[in-house]
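In: Next input, structure requested:
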Amino acid sequence: MADRPDPLPKEIMEAERFIDELMNDTQHPIHNHAHPLHKESVQALDEMMQRLDAMRNAWLSKD
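Out: Numbers count the residues shown, from 1 in each chain. The predicted structure is shown next:
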């Protein structure tokens with residue numbers, strides 16, 4: 001893929017950094033199936049990933 005003339009938007013970079021930190025935080029409820037907030041954490045992460053995918057696709061498809 002050729003380099004894009006416009007850089008990746010800061011909002012996308014920050015969201016990716018947040019997700020990376022979350023996935024590396026072994027104490028977060030998302031990693032503990034027995035935690036009362038596990039299900040909500042997984043759902044929130046899924047929604048965040050969907051929004052991030054939409055933002056990334058919009059950035060990639062603009063001319």
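In: Give the buried residues for the helix or strand containing residue 53.
Out: Using DSSP states H and E, residue 53 falls within helix 38-61. The neighbour-count check on helix 38-61 (16 or more other C-beta atoms under 10 Å) flags 41, 52 as buried. Where C-beta positions appear, they are placed from N, C-alpha and C, glycine not excepted.
In: now do stretch 9-25
Out: The neighbour-count check on stretch 9-25 (16+ other C-beta under 10 Å) flags residue 15 as buried.
In: so how far is that stretch off the chain centroid?
Out: Mean-position distance between stretch 9-25 and its chain equals 6 Å (C-alpha atoms, centre = their mean, to the nearest Å).
In: what's the average pLDDT for that stretch?
Out: Taken as a whole, stretch 9-25 has an average pLDDT of 94.
In: Residues contacting that stretch, please?
Out: Stretch 9-25 has contacts (C-beta atoms under 8 Å, 6 or more residues apart in numbering) with 28, 30-31, 45, 48-49, 51-52, 55-56, 59.
In: re earlier: name the residues that touch the helix holding residue 53?
Out: By C-beta under 8 Å, 6+ apart, helix 38-61 touches 4, 6, 8-9, 11-12, 15-16, 19, 22, 28-30, 32, 35.
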